[in-house]
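A.B. asks: Provide a 3D model corresponding to the input given below.
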Amino acid sequence: MRQGLDPKQEQELQKIREQQKREAELSTLNRKKKENITLAEYWPQYLDTAQHKKGTPTLLKEKSHFAKWLSPNLEHIPLKEFDLDSWDFLVTLLKKSGLAPRTREYICLALRQVLNHAFARKIVPSAPPSSKVIGATTNGKDNRRTRILTDKELCNILKELQKRSIPDYNFTLFCILTGCRASEAFKLKWSNVDLDKHEVTFHRTKNSESRKMPLSGTLVELLKNIPMNDPNDHVFIATQGMPYSEIPSSFRKIVAEEGRSPHDRIVFHSLRHTAATKWGRSNIPLRDLIVRVST
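C.D. replies: As a prediction, this is how the structure comes out:
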């Protein structure tokens with residue numbers, strides 16, 4: 001016992017020392033955990049910030065890239081240990097998987113953004129290398145899939161969709177006839193549809209703007225045949241009873257069955273390119289396409 005301290009004071013002092021020791025140990029533990037945080041552990045922190053700054057389509061793509069490529073192959077690696085060897089591993093893996101150069105670039109960009117987020121918060125000592133350094137750049141080349149479908153290809157897809165899933169058929173046909181993005185059809189609600197005026201309004205588009213689009217008689221007829229209970233309901237409901245949040249699975253299966261090469265493969269966005277290129281230029285009556293499907 002220290003001179004001048006009674007037993008009670010000495011006991012209180014001992015409690016303070018123990019508390020300080022526990023706090024110091026906890027601080028050391030947290031510091032080490034922060035220093036060794038893995039990609040999987042840090043991802044929710046990055047996502048919490050990203051969801052307030054990015055649009056839904058961009059965020060969905062990043063989540064998809066993380067789930068399909070980054071998490072299965074890199075989630076166990078501490079952020080501070082991401083070096084050029086790690087990047088070489090990822091880039092080589094993506095190339096061997098046959099992904100298009102632009103897709104590989106976007107996947108690597110998603111990882112670079114996570115590491116930049118960590119660097120800004122002093123989780124990692126340095127910013128990640130550029131896309132050029134890691135070999136994940138397309139060097140400015142236009143690698144977008146601008147595949148244009150023929151009338152026969154469109155009719156074949158629609159006929160197969162009619163056989164497999166009417167909700168998927170309605171969703172796809174709407175996108176074909178309007179040329180809208182899939183994400184715009186995902187979010188479309190009955191309150192955005194005016195069948196009397198033959199008009200639809202797309203809100204919160206990719207450019208964060210709203211735009212109105214006229215509806216053809218074919219589209220009005222299509223929409224009238226879809227049940228509507230409440231103006232706040234989504235127009236397009238998948239077979240499972242939930243609003244669409246991804247491309248219809250039956251569409252993906254149909255185009256996959258064609259066995260095309262990756263660069264010639266039909267994707268859902270091909271419908272938008274087709275609408276803009278063919279119908280916007282030549283004004284082919286859209287009803288003609290539907291007539292062919294039923295014959």
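A.B. asks: bridging residues for Phe202?
C.D. replies: Arg211 (DSSP bridges).
A.B. asks: ok, it - contacts?
C.D. replies: Remark: with contacts taken as C-beta atoms under 8 Å, 6 or more residues apart in numbering, Phe202 is in contact with 180, 184, 187-188, 192, 210-213. Just so you know, the C-beta spots here come from the backbone N, C-alpha and C atoms, and that holds for glycine as well.
A.B. asks: of all the residues you listed, which two lie farthest apart?
C.D. replies: Lys187 and Lys212 (15.2 Å; C-beta to C-beta).
A.B. asks: The two: who's more crowded?
C.D. replies: Lys187 (19 against 11; other C-beta atoms under 10 Å).
A.B. asks: Can you report phi and psi for Ser216?
C.D. replies: When quoted as degrees, to the nearest 10, the phi and psi of Ser216 stand at phi -70, psi 170.
A.B. asks: so Ser71 is in which element?
C.D. replies: Counting by DSSP states H and E, the element that carries Ser71 is helix 71-74.
A.B. asks: follow-up on the earlier one: make a PyMOL selection of the buried ones in the contacts of Phe202.
C.D. replies: A single PyMOL command selects the buried members of the contacts of Phe202 (16 or more other C-beta atoms under 10 Å):
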select buried, resi 180+184+187+188+192
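A.B. asks: would TSV of the contacts of Phe202 with pLDDT be doable?
C.D. replies: Shown next, in TSV, are the contacts of Phe202 (pLDDT from 0 to 100):
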residue	pLDDT
Cys180	86
Glu184	88
Lys187	90
Leu188	92
Asn192	92
Ser210	79
Arg211	84
Lys212	87
Met213	86
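A.B. asks: Output the contacts of Phe202 in CSV, with distance to Gly135 appended to each entry.
C.D. replies: Compiled in CSV, those are given as follows (distance: C-beta to C-beta, whole Å):
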residue, distance to Gly135
Cys180, 36
Glu184, 35
Lys187, 37
Leu188, 40
Asn192, 44
Ser210, 40
Arg211, 39
Lys212, 44
Met213, 42
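A.B. asks: for the contacts of Phe202, which one is nearest Leu79?
C.D. replies: Lys187 (33.9 Å).
A.B. asks: Look up how far Cys180 lies from that closest one.
C.D. replies: 10 Å (C-beta to C-beta, to the nearest Å).
A.B. asks: now swap in Ala50 and tell me
C.D. replies: 25 Å.
A.B. asks: what do you get for Val114?
C.D. replies: 31 Å.
A.B. asks: ok now stretch 179-197, how far from the chain's centre?
C.D. replies: Stretch 179-197 sits 20 Å away from the centroid of its parent chain (C-alpha atoms, centre = their mean, to the nearest Å).
A.B. asks: actually stretch 160-174, sorry about that
C.D. replies: Per C-alpha atoms, centre = their mean, the centroid offset for stretch 160-174 relative to its chain is 23 Å.
A.B. asks: now the end-to-end length of it.
C.D. replies: 16 Å (C-alpha to C-alpha, to the nearest Å).
A.B. asks: what's it in contact with?
C.D. replies: 157-158, 180, 185, 219, 222-223, 225-226, 236-239, 244, 248-251, 253-254, 268, 271, 290, 293.
A.B. asks: Can you flag which of those belong to helices?
C.D. replies: 157-158, 185, 219, 222-223, 249-251, 253-254, 271, 290, 293 (DSSP state H).
A.B. asks: For Ile77, state which of those residues is nearest.
C.D. replies: Ser249 (32.3 Å).
A.B. asks: Now the closest one. Nearest residue, chain neighbours left out?
C.D. replies: Asp168 (7.7 Å; C-beta to C-beta, 6 or more residues apart in numbering).
A.B. asks: Sticking with the one you found, tell me its helix or strand.
C.D. replies: Going by DSSP H and E, Asp168 is part of helix 166-178.
A.B. asks: Same check on Trp87?
C.D. replies: helix 84-96.
A.B. asks: follow-up on the earlier one: which among the ones in helices among the contacts of stretch 160-174 end up buried?
C.D. replies: The neighbour count (16+ other C-beta under 10 Å) marks 157-158, 185, 219, 222-223, 250-251, 254, 271, 290, 293 as buried among the ones in helices among the contacts of stretch 160-174.
A.B. asks: Adding pLDDT and distance to Thr56, write the residues you listed out as JSON lines.
C.D. replies: Below are these laid out as JSON lines (pLDDT from 0 to 100; distance: C-beta to C-beta, whole Å):
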{"residue": "Ile157", "pLDDT": "91", "distance to Thr56": "26"}
{"residue": "Leu158", "pLDDT": "91", "distance to Thr56": "27"}
{"residue": "Ala185", "pLDDT": "91", "distance to Thr56": "13"}
{"residue": "Leu219", "pLDDT": "87", "distance to Thr56": "24"}
{"residue": "Leu222", "pLDDT": "90", "distance to Thr56": "25"}
{"residue": "Leu223", "pLDDT": "93", "distance to Thr56": "23"}
{"residue": "Ser250", "pLDDT": "92", "distance to Thr56": "23"}
{"residue": "Phe251", "pLDDT": "91", "distance to Thr56": "20"}
{"residue": "Ile254", "pLDDT": "89", "distance to Thr56": "26"}
{"residue": "Leu271", "pLDDT": "85", "distance to Thr56": "20"}
{"residue": "Ile290", "pLDDT": "52", "distance to Thr56": "30"}
{"residue": "Val293", "pLDDT": "47", "distance to Thr56": "31"}
